[in-house]
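Student: sequence plus predicted model, see below.
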Amino acid sequence: MSQFTVAIVGTGPDPTNPTVEGFAMGYRHAEAYRNNDHCRVVACADIVRENAEAFAGEFDIDDDGIFEDYTEMLETVEPDLVSVTVPPSIHEEIVVGCADSGVVDAVHCEKPMAHTFASATRMVEACNERDVQLTFNRQRRFGRPFTEANRLLDEGAIGDLERVEIGWGDFFDTGAHTVDLAGMFNDEHPAEWVIAQLDYREEDIRFGAHQENQMWAQWRYDNGVHGVMATGESASLTDAAFVLRGTEGTIRIDVEDGPMLELSRDGTCEEVDVGEENMHWAPSSGNEDRFGSPFQDRSISNAVDALRTGETSQLSGEHGLKTAEILFGGYESVRRRARVDFPLEIDDNPLEEMVDSGALTPAPESSDRRNN
Ligand SMILES: NC(=O)c1ccc[n+]([C@@H]2O[C@H](COP(=O)([O-])OP(=O)(O)OC[C@H]3O[C@@H](n4cnc5c(N)ncnc54)[C@H](O)[C@@H]3O)[C@@H](O)[C@H]2O)c1
(Lines give C-alpha, C1' and ligand atoms only; values in the text may rest on other atoms or scores of the structure.)
Protein backbone atom coordinates (compact mmCIF):
# COMPACT_ATOMS: atom_id res chain seq x y z
CA MET A 1 0.00 0.00 0.00
CA SER A 2 1.36 3.43 -0.87
CA GLN A 3 1.65 5.71 2.11
CA PHE A 4 1.50 9.49 2.56
CA THR A 5 4.83 10.97 3.59
CA VAL A 6 4.40 13.16 6.67
CA ALA A 7 6.51 15.93 8.17
CA ILE A 8 6.09 17.68 11.53
CA VAL A 9 6.93 21.39 12.02
CA GLY A 10 7.55 22.29 15.69
CA THR A 11 8.43 19.08 17.49
CA GLY A 12 8.40 20.57 21.00
CA PRO A 13 11.10 20.24 23.58
CA ASP A 14 9.62 17.87 26.13
CA PRO A 15 6.79 15.36 25.62
CA THR A 16 6.93 14.08 29.20
CA ASN A 17 5.76 17.24 30.97
CA PRO A 18 2.80 18.81 29.11
CA THR A 19 1.87 22.30 30.41
CA VAL A 20 0.38 25.50 28.94
CA GLU A 21 3.96 26.62 28.31
CA GLY A 22 4.68 23.61 26.11
CA PHE A 23 2.73 20.45 25.34
CA ALA A 24 4.96 19.00 22.61
CA MET A 25 1.90 18.35 20.46
CA GLY A 26 4.28 17.34 17.65
CA TYR A 27 4.87 14.05 19.50
CA ARG A 28 1.12 13.47 19.89
CA HIS A 29 0.56 13.99 16.15
CA ALA A 30 3.52 11.79 15.20
CA GLU A 31 2.27 9.01 17.47
CA ALA A 32 -1.11 9.12 15.70
CA TYR A 33 0.57 8.98 12.26
CA ARG A 34 2.64 6.03 13.49
CA ASN A 35 -0.63 4.29 14.37
CA ASN A 36 -2.09 5.04 10.91
CA ASP A 37 -1.33 2.51 8.15
CA HIS A 38 -1.65 5.16 5.44
CA CYS A 39 1.13 7.37 6.80
CA ARG A 40 4.88 7.38 7.34
CA VAL A 41 6.64 10.17 9.27
CA VAL A 42 9.76 10.99 7.25
CA ALA A 43 10.92 14.43 8.41
CA CYS A 44 10.73 17.05 11.13
CA ALA A 45 11.74 20.69 11.52
CA ASP A 46 12.30 22.71 14.68
CA ILE A 47 14.20 25.98 15.05
CA VAL A 48 15.90 24.30 18.04
CA ARG A 49 17.96 21.54 16.42
CA GLU A 50 18.26 19.44 19.57
CA ASN A 51 14.44 19.29 19.80
CA ALA A 52 14.27 17.96 16.23
CA GLU A 53 17.06 15.46 16.88
CA ALA A 54 15.41 14.03 20.00
CA PHE A 55 12.12 13.77 18.11
CA ALA A 56 13.79 12.05 15.14
CA GLY A 57 15.31 9.51 17.52
CA GLU A 58 11.87 8.70 18.93
CA PHE A 59 10.18 8.30 15.55
CA ASP A 60 13.02 6.63 13.57
CA ILE A 61 13.54 9.57 11.22
CA ASP A 62 16.81 9.40 9.27
CA ASP A 63 19.42 12.14 9.77
CA ASP A 64 18.63 13.62 6.36
CA GLY A 65 15.03 14.14 7.54
CA ILE A 66 16.04 16.53 10.37
CA PHE A 67 15.79 20.30 9.69
CA GLU A 68 15.88 23.62 11.51
CA ASP A 69 14.31 25.55 8.60
CA TYR A 70 10.91 24.20 7.57
CA THR A 71 11.16 25.75 4.06
CA GLU A 72 14.35 23.78 3.41
CA MET A 73 12.55 20.68 4.67
CA LEU A 74 9.64 21.23 2.23
CA GLU A 75 12.04 21.76 -0.69
CA THR A 76 14.16 18.72 0.11
CA VAL A 77 11.58 16.17 1.29
CA GLU A 78 8.39 17.31 -0.52
CA PRO A 79 6.08 15.73 2.09
CA ASP A 80 2.45 14.95 1.18
CA LEU A 81 1.14 15.98 4.57
CA VAL A 82 2.48 18.45 7.16
CA SER A 83 1.45 18.77 10.79
CA VAL A 84 1.94 22.28 12.19
CA THR A 85 2.46 22.13 15.95
CA VAL A 86 4.09 25.49 16.69
CA PRO A 87 2.52 28.20 18.94
CA PRO A 88 -0.61 29.93 17.51
CA SER A 89 1.14 33.18 16.52
CA ILE A 90 3.34 31.20 14.06
CA HIS A 91 0.58 29.01 12.55
CA GLU A 92 -0.10 31.38 9.65
CA GLU A 93 3.52 31.70 8.56
CA ILE A 94 3.98 27.93 8.35
CA VAL A 95 0.53 27.02 6.98
CA VAL A 96 0.74 29.64 4.20
CA GLY A 97 4.37 28.62 3.58
CA CYS A 98 3.22 25.01 3.07
CA ALA A 99 0.44 26.11 0.71
CA ASP A 100 2.82 28.35 -1.28
CA SER A 101 5.43 25.59 -1.59
CA GLY A 102 3.33 23.78 -4.18
CA VAL A 103 4.50 20.37 -2.90
CA VAL A 104 2.18 19.77 0.07
CA ASP A 105 -1.30 18.21 -0.38
CA ALA A 106 -2.60 18.69 3.15
CA VAL A 107 -1.84 20.56 6.37
CA HIS A 108 -3.10 19.50 9.79
CA CYS A 109 -2.61 22.45 12.14
CA GLU A 110 -3.08 22.80 15.88
CA LYS A 111 -5.79 24.88 17.55
CA PRO A 112 -6.49 27.71 18.36
CA MET A 113 -6.36 28.56 14.65
CA ALA A 114 -4.33 31.75 15.05
CA HIS A 115 -3.58 34.71 17.31
CA THR A 116 -5.72 37.12 15.24
CA PHE A 117 -8.89 36.77 13.20
CA ALA A 118 -7.21 38.09 10.04
CA SER A 119 -4.48 35.49 10.38
CA ALA A 120 -7.05 32.67 10.71
CA THR A 121 -8.88 33.93 7.61
CA ARG A 122 -5.70 34.23 5.52
CA MET A 123 -4.70 30.62 6.24
CA VAL A 124 -8.03 29.32 4.97
CA GLU A 125 -7.92 31.56 1.89
CA ALA A 126 -4.33 30.56 1.01
CA CYS A 127 -5.08 26.83 1.24
CA ASN A 128 -8.33 27.16 -0.73
CA GLU A 129 -6.57 29.11 -3.49
CA ARG A 130 -3.89 26.44 -3.85
CA ASP A 131 -6.21 23.47 -3.37
CA VAL A 132 -4.43 22.30 -0.22
CA GLN A 133 -6.56 20.50 2.38
CA LEU A 134 -6.46 22.42 5.68
CA THR A 135 -7.68 20.85 8.93
CA PHE A 136 -7.35 21.89 12.57
CA ASN A 137 -6.79 19.47 15.40
CA ARG A 138 -10.04 19.63 17.36
CA GLN A 139 -9.65 16.06 18.53
CA ARG A 140 -12.35 16.19 21.21
CA ARG A 141 -14.95 15.91 18.45
CA PHE A 142 -14.04 12.21 18.43
CA GLY A 143 -14.49 11.52 22.16
CA ARG A 144 -17.48 9.27 22.87
CA PRO A 145 -19.22 11.67 25.30
CA PHE A 146 -19.44 14.07 22.34
CA THR A 147 -20.08 11.62 19.50
CA GLU A 148 -22.81 9.88 21.53
CA ALA A 149 -24.43 13.23 22.41
CA ASN A 150 -24.37 14.11 18.72
CA ARG A 151 -25.93 10.76 17.82
CA LEU A 152 -28.76 11.38 20.31
CA LEU A 153 -29.34 14.83 18.80
CA ASP A 154 -29.42 13.38 15.27
CA GLU A 155 -31.94 10.76 16.41
CA GLY A 156 -34.19 13.51 17.78
CA ALA A 157 -33.87 12.26 21.37
CA ILE A 158 -34.43 15.79 22.74
CA GLY A 159 -36.51 17.14 19.86
CA ASP A 160 -35.12 20.28 18.24
CA LEU A 161 -31.97 21.75 19.76
CA GLU A 162 -32.66 25.17 21.30
CA ARG A 163 -29.58 26.05 23.36
CA VAL A 164 -26.03 24.83 24.03
CA GLU A 165 -24.78 25.84 27.49
CA ILE A 166 -21.07 25.51 28.30
CA GLY A 167 -19.61 25.76 31.80
CA TRP A 168 -16.03 24.63 31.45
CA GLY A 169 -12.54 25.91 30.73
CA ASP A 170 -11.76 29.33 29.31
CA PHE A 171 -12.90 31.33 26.28
CA PHE A 172 -9.94 31.28 23.88
CA ASP A 173 -7.79 28.21 24.50
CA THR A 174 -10.34 25.62 25.70
CA GLY A 175 -12.98 27.62 23.81
CA ALA A 176 -11.33 26.52 20.57
CA HIS A 177 -12.62 23.06 21.55
CA THR A 178 -15.88 23.87 23.38
CA VAL A 179 -17.27 26.43 20.91
CA ASP A 180 -16.21 24.08 18.11
CA LEU A 181 -18.22 21.29 19.77
CA ALA A 182 -21.23 23.60 20.11
CA GLY A 183 -20.98 24.17 16.35
CA MET A 184 -20.84 20.42 15.78
CA PHE A 185 -23.96 19.89 17.92
CA ASN A 186 -25.73 22.58 15.87
CA ASP A 187 -24.88 20.99 12.49
CA GLU A 188 -22.08 23.51 11.76
CA HIS A 189 -24.41 26.51 11.45
CA PRO A 190 -22.62 29.89 11.51
CA ALA A 191 -23.38 32.41 14.25
CA GLU A 192 -25.12 35.75 13.62
CA TRP A 193 -23.96 37.71 16.66
CA VAL A 194 -22.16 37.48 20.01
CA ILE A 195 -22.31 39.53 23.21
CA ALA A 196 -19.79 39.11 26.03
CA GLN A 197 -18.04 40.48 29.11
CA LEU A 198 -14.83 39.38 30.84
CA ASP A 199 -12.62 39.90 33.88
CA TYR A 200 -8.83 39.85 33.55
CA ARG A 201 -7.26 40.73 36.89
CA GLU A 202 -4.31 38.36 36.93
CA GLU A 203 -2.08 37.61 33.97
CA ASP A 204 -2.56 34.19 32.42
CA ILE A 205 -0.54 33.36 29.30
CA ARG A 206 -1.32 30.11 27.52
CA PHE A 207 0.70 28.91 24.53
CA GLY A 208 1.94 32.49 24.15
CA ALA A 209 -1.48 34.20 24.24
CA HIS A 210 -3.32 36.20 26.93
CA GLN A 211 -6.27 34.36 28.44
CA GLU A 212 -8.86 36.19 30.58
CA ASN A 213 -9.70 34.81 34.05
CA GLN A 214 -13.49 34.78 33.79
CA MET A 215 -15.94 35.34 30.94
CA TRP A 216 -19.60 35.30 30.03
CA ALA A 217 -20.72 35.08 26.39
CA GLN A 218 -23.92 34.48 24.49
CA TRP A 219 -24.26 34.01 20.74
CA ARG A 220 -27.05 33.10 18.32
CA TYR A 221 -26.70 30.85 15.29
CA ASP A 222 -28.46 31.54 12.00
CA ASN A 223 -31.03 28.79 12.78
CA GLY A 224 -32.08 30.53 16.02
CA VAL A 225 -30.20 28.17 18.38
CA HIS A 226 -28.32 29.98 21.17
CA GLY A 227 -24.91 29.27 22.67
CA VAL A 228 -23.99 30.49 26.14
CA MET A 229 -20.70 30.05 27.91
CA ALA A 230 -19.55 30.81 31.45
CA THR A 231 -15.88 30.31 32.32
CA GLY A 232 -13.62 30.64 35.34
CA GLU A 233 -15.48 31.21 38.62
CA SER A 234 -18.83 31.42 36.80
CA ALA A 235 -18.42 28.02 35.11
CA SER A 236 -20.44 26.39 37.91
CA LEU A 237 -23.52 28.21 36.57
CA THR A 238 -24.30 25.02 34.67
CA ASP A 239 -24.53 21.66 36.43
CA ALA A 240 -22.51 19.93 33.70
CA ALA A 241 -19.70 20.91 31.33
CA PHE A 242 -22.25 20.96 28.48
CA VAL A 243 -26.04 21.17 28.70
CA LEU A 244 -27.87 20.68 25.40
CA ARG A 245 -31.46 21.85 25.75
CA GLY A 246 -34.06 20.74 23.23
CA THR A 247 -37.80 21.11 22.77
CA GLU A 248 -38.38 17.65 24.30
CA GLY A 249 -35.47 16.98 26.63
CA THR A 250 -31.94 17.71 27.79
CA ILE A 251 -28.54 16.09 27.28
CA ARG A 252 -25.85 16.72 29.90
CA ILE A 253 -22.16 15.95 29.42
CA ASP A 254 -19.87 15.50 32.45
CA VAL A 255 -22.62 16.05 35.03
CA GLU A 256 -21.44 17.41 38.37
CA ASP A 257 -21.28 14.41 40.73
CA GLY A 258 -23.08 12.43 38.04
CA PRO A 259 -22.55 10.41 34.87
CA MET A 260 -20.39 11.39 31.90
CA LEU A 261 -23.45 11.49 29.64
CA GLU A 262 -27.08 11.78 30.70
CA LEU A 263 -30.34 12.04 28.78
CA SER A 264 -33.44 13.56 30.42
CA ARG A 265 -36.85 13.41 28.78
CA ASP A 266 -40.46 12.58 29.69
CA GLY A 267 -39.67 13.13 33.38
CA THR A 268 -36.95 10.45 33.48
CA CYS A 269 -33.15 10.56 33.51
CA GLU A 270 -30.91 7.86 32.05
CA GLU A 271 -27.16 7.40 31.89
CA VAL A 272 -25.86 6.85 28.35
CA ASP A 273 -22.95 4.45 27.91
CA VAL A 274 -19.71 6.00 26.65
CA GLY A 275 -17.45 3.12 27.64
CA GLU A 276 -14.72 4.39 29.90
CA GLU A 277 -14.20 7.57 27.90
CA ASN A 278 -14.44 11.05 29.37
CA MET A 279 -14.05 14.53 27.90
CA HIS A 280 -10.25 14.28 27.76
CA TRP A 281 -9.29 10.66 27.66
CA ALA A 282 -10.08 7.18 26.36
CA PRO A 283 -8.48 3.84 27.18
CA SER A 284 -5.64 2.91 24.84
CA SER A 285 -6.67 1.25 21.58
CA GLY A 286 -3.88 -1.27 22.08
CA ASN A 287 -1.52 0.41 19.62
CA GLU A 288 1.72 1.84 20.76
CA ASP A 289 0.69 5.12 22.39
CA ARG A 290 3.50 6.54 24.44
CA PHE A 291 2.56 10.13 23.60
CA GLY A 292 -0.80 9.95 21.85
CA SER A 293 -4.37 9.15 22.73
CA PRO A 294 -7.28 7.51 20.93
CA PHE A 295 -8.86 10.98 20.38
CA GLN A 296 -5.67 12.10 18.68
CA ASP A 297 -5.55 8.93 16.56
CA ARG A 298 -9.15 9.49 15.45
CA SER A 299 -8.51 13.15 14.61
CA ILE A 300 -5.49 12.32 12.43
CA SER A 301 -7.42 9.43 10.83
CA ASN A 302 -10.22 11.81 9.94
CA ALA A 303 -7.83 14.25 8.24
CA VAL A 304 -6.00 11.42 6.42
CA ASP A 305 -9.26 9.80 5.27
CA ALA A 306 -10.45 13.15 3.90
CA LEU A 307 -7.23 13.40 1.89
CA ARG A 308 -7.68 9.86 0.56
CA THR A 309 -11.35 10.25 -0.38
CA GLY A 310 -11.53 13.95 -1.29
CA GLU A 311 -14.41 14.42 1.15
CA THR A 312 -14.52 17.53 3.35
CA SER A 313 -13.27 16.85 6.87
CA GLN A 314 -15.34 17.98 9.84
CA LEU A 315 -12.04 19.50 11.06
CA SER A 316 -11.92 21.82 8.05
CA GLY A 317 -10.63 25.37 8.15
CA GLU A 318 -14.09 26.64 7.13
CA HIS A 319 -15.69 25.14 10.26
CA GLY A 320 -12.73 26.43 12.27
CA LEU A 321 -13.39 29.98 11.05
CA LYS A 322 -16.97 29.84 12.39
CA THR A 323 -15.56 29.11 15.84
CA ALA A 324 -12.83 31.75 15.47
CA GLU A 325 -15.48 34.34 14.56
CA ILE A 326 -17.30 33.68 17.86
CA LEU A 327 -14.06 33.75 19.90
CA PHE A 328 -12.60 36.93 18.42
CA GLY A 329 -16.10 38.41 18.17
CA GLY A 330 -16.63 37.78 21.91
CA TYR A 331 -13.49 39.77 22.71
CA GLU A 332 -14.59 42.46 20.26
CA SER A 333 -17.94 42.71 22.09
CA VAL A 334 -16.03 43.42 25.32
CA ARG A 335 -13.96 46.10 23.55
CA ARG A 336 -16.98 47.78 21.93
CA ARG A 337 -19.23 47.32 24.98
CA ALA A 338 -21.90 46.16 22.56
CA ARG A 339 -23.28 43.15 20.74
CA VAL A 340 -21.20 42.32 17.68
CA ASP A 341 -23.10 41.36 14.54
CA PHE A 342 -21.40 39.11 12.00
CA PRO A 343 -19.63 38.98 9.61
CA LEU A 344 -16.85 40.02 11.97
CA GLU A 345 -14.88 42.85 10.42
CA ILE A 346 -11.78 43.13 12.57
CA ASP A 347 -8.21 42.02 11.95
CA ASP A 348 -6.64 41.86 15.39
CA ASN A 349 -7.09 40.02 18.69
CA PRO A 350 -9.13 42.52 20.78
CA LEU A 351 -8.02 40.95 24.09
CA GLU A 352 -4.33 41.38 23.22
CA GLU A 353 -5.01 44.92 22.01
CA MET A 354 -6.86 45.83 25.23
CA VAL A 355 -3.88 44.62 27.27
CA ASP A 356 -1.36 46.41 25.02
CA SER A 357 -3.32 49.69 25.15
CA GLY A 358 -3.74 49.57 28.94
CA ALA A 359 -7.54 49.17 28.77
CA LEU A 360 -7.00 45.91 30.70
CA THR A 361 -4.29 45.81 33.37
CA PRO A 362 -3.84 42.26 34.72
CA ALA A 363 -1.47 41.98 37.68
CA PRO A 364 1.62 39.78 37.19
CA GLU A 365 0.86 36.08 37.41
CA SER A 366 1.05 34.66 40.96
CA SER A 367 2.88 31.44 41.73
CA ASP A 368 -0.51 29.95 42.76
CA ARG A 369 -1.85 30.26 39.21
CA ARG A 370 1.41 29.10 37.64
CA ASN A 371 1.43 25.95 39.74
CA ASN A 372 -2.19 25.10 38.97
N1 LIG B 1 -5.27 20.04 20.64
C2 LIG B 1 -4.98 20.22 21.93
O3 LIG B 1 -5.71 19.75 22.81
C4 LIG B 1 -3.76 21.02 22.31
C5 LIG B 1 -3.15 20.84 23.55
C6 LIG B 1 -2.02 21.59 23.83
C7 LIG B 1 -1.51 22.50 22.91
N8 LIG B 1 -2.16 22.67 21.71
C9 LIG B 1 -1.66 23.61 20.68
O10 LIG B 1 -0.54 23.02 20.03
C11 LIG B 1 0.28 24.05 19.46
C12 LIG B 1 1.71 23.81 19.87
O13 LIG B 1 1.82 23.97 21.27
P14 LIG B 1 2.86 23.12 22.12
O15 LIG B 1 2.60 23.50 23.53
O16 LIG B 1 2.79 21.71 21.71
O17 LIG B 1 4.24 23.76 21.65
P18 LIG B 1 5.71 23.43 22.21
O19 LIG B 1 6.23 24.71 22.78
O20 LIG B 1 5.73 22.23 23.07
O21 LIG B 1 6.47 23.12 20.86
C22 LIG B 1 6.55 24.06 19.83
C23 LIG B 1 7.85 23.87 19.10
O24 LIG B 1 7.85 24.70 17.93
C25 LIG B 1 9.17 25.13 17.70
N26 LIG B 1 9.12 26.27 16.80
C27 LIG B 1 8.77 27.55 17.07
N28 LIG B 1 8.83 28.29 15.95
C29 LIG B 1 9.19 27.47 14.94
C30 LIG B 1 9.41 27.65 13.55
N31 LIG B 1 9.26 28.84 12.96
N32 LIG B 1 9.79 26.58 12.81
C33 LIG B 1 9.96 25.36 13.40
N34 LIG B 1 9.77 25.14 14.72
C35 LIG B 1 9.38 26.18 15.49
C36 LIG B 1 9.72 25.39 19.10
O37 LIG B 1 11.13 25.38 19.14
C38 LIG B 1 9.10 24.24 19.89
O39 LIG B 1 9.98 23.13 19.96
C40 LIG B 1 -0.31 25.37 19.95
O41 LIG B 1 -1.14 25.90 18.97
C42 LIG B 1 -1.14 24.95 21.17
O43 LIG B 1 -2.20 25.84 21.44
C44 LIG B 1 -3.26 21.94 21.40
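Tutor: Now that the structure is in, tell me what you want to look at.

Student: tell me where the stretch 51-200 of the chain has helices.
Tutor: For the stretch 51-200 of the chain, the helices defined by DSSP state H, counting those that start in this stretch cover 70-77, 88-101, 117-129, 144-154, 175-185.

Student: just put those in TSV and tack on distance to the ligand.
Tutor: All C-beta spots, glycine's among them, are computed from the backbone N, C-alpha and C. Output for the helices of the stretch 51-200 of the chain, formatted as TSV (distance: least, CB to the nearest ligand atom, whole Å):
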stretch	distance to the ligand
helix 70-77	5
helix 88-101	5
helix 117-129	12
helix 144-154	13
helix 175-185	7
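
Student: export those helices to a markdown table and tack on mean pLDDT?
Tutor: Below are the helices of the stretch 51-200 of the chain laid out as a markdown table (pLDDT from 0 to 100):
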| stretch | mean pLDDT |
| --- | --- |
| helix 70-77 | 98 |
| helix 88-101 | 98 |
| helix 117-129 | 98 |
| helix 144-154 | 98 |
| helix 175-185 | 98 |
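
Student: out of the ones you listed, which one sits most buried?
Tutor: Highest mean neighbour count among the helices of the stretch 51-200 of the chain (mean count of other CB atoms under 10 Å): helix 175-185, with a mean of 25.

Student: that helix - contacts with which helices or strands?
Tutor: In terms of contacts (3 or more CB pairs under 8 Å, 6 or more residues apart in numbering; DSSP states H and E), helix 175-185 is packed against helix 144-154, strand 161-166, strand 226-231, strand 240-246, helix 317-336.

Student: partner strands of the helix or strand just after the longest one, parallel or antiparallel?
Tutor: Okay, so that is helix 317-336. As assigned by DSSP states H and E, the chain's next helix or strand after helix 317-336 is strand 340-341. Next to strand 340-341 in the sheet, as set by DSSP bridges, lie strand 191-199 (antiparallel).

Student: residues of the partner strand that come out buried?
Tutor: Judged by neighbour count using 16 or more other CB atoms under 10 Å, the buried positions of strand 191-199 are 191, 193-196, 198-199.

Student: any residues touching it, and which ones?
Tutor: Contacts to strand 191-199, defined as CB atoms under 8 Å, 6 or more residues apart in numbering, come from residues 171, 212-222, 227, 232, 322, 325-326, 329-331, 333-334, 338-342, 351.

Student: ok, back up a step: could the helices and strands packed on helix 175-185 go into TSV alongside distance to residue 28?
Tutor: As requested, the helices and strands packed on helix 175-185 are exported to TSV (distance: least, CB to CB, whole Å):
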stretch	distance to residue 28
helix 144-154	18
strand 161-166	24
strand 226-231	24
strand 240-246	22
helix 317-336	18
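
Student: where does the protein come near the ligand, residue by residue?
Tutor: 9-13, 22-25, 45-48, 51, 70, 85-88, 90, 110-112, 137, 139, 207 (CB under 6 Å from any ligand atom).

Student: how about 5 Å then?
Tutor: Taking CB under 5 Å from any ligand atom as the contact definition, the chain meets the ligand at 10, 12, 22-25, 46-48, 51, 85-86, 88, 90, 110, 137, 207.

Student: could you turn the buried ones of the contacts of strand 191-199 into a ChimeraX selection?
Tutor: To isolate the buried members of the contacts of strand 191-199 in ChimeraX, using 16+ other CB under 10 Å:
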select :171,212,213,214,215,216,217,218,219,220,221,227,232,322,325,326,329,330,331,333,334,340,342,351
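
Student: show me the contacts for the residue of the stretch 151-300 of the chain found nearest the ligand.
Tutor: As assessed by CB to the nearest ligand atom, the ligand sits closest to residue 207 within the stretch 151-300 of the chain, at 3.7 Å. Contacts for residue 207 (CB under 8 Å, 6+ apart) come out as 20-21, 23, 87-88, 112, 173.

Student: if you set the cut-off to 6 Å instead, what comes out?
Tutor: residue 87 (CB atoms under 6 Å, 6 or more residues apart in numbering).

Student: how is this structure divided into domains?
Tutor: Domain assignment for the chain by automatic domain parsing gives 4-139+285-310, 144-281+323-357.

Student: out of the ones you listed, which is the most enclosed?
Tutor: Among these, highest average neighbours (mean count of other CB under 10 Å) belong to domain 4-139+285-310, with a mean of 20.

Student: distance from that domain to the middle of the chain?
Tutor: 14 Å (CA atoms, centre = their mean, to the nearest Å).

Student: could you do stretch 308-328 as well?
Tutor: Distance, centroid of stretch 308-328 to centroid of chain: 10 Å (CA atoms, centre = their mean).

Student: what residues does that stretch touch?
Tutor: Residues contacting stretch 308-328 (CB under 6 Å, 6+ apart): 113, 117, 120, 124, 134-136, 138, 172, 175, 179-180, 183, 188, 190-191, 194, 219, 302-303, 306, 342, 344.

Student: quick one: residues in contact with stretch 123-137.
Tutor: So stretch 123-137 is in contact with 92, 95-96, 99, 106-111, 113, 299, 303, 307, 313, 315, 317, 320-321, going by CB under 6 Å, 6+ apart.

Student: looking at residue 281 now. What's its pLDDT?
Tutor: Looking at residue 281, its pLDDT reads 87.

Student: repeat that for residue 22.
Tutor: For residue 22, the model assigns a pLDDT of 87.

Student: for stretch 221-239, what does the pLDDT average out to?
Tutor: 95.

Student: cool, thanks, signing off.
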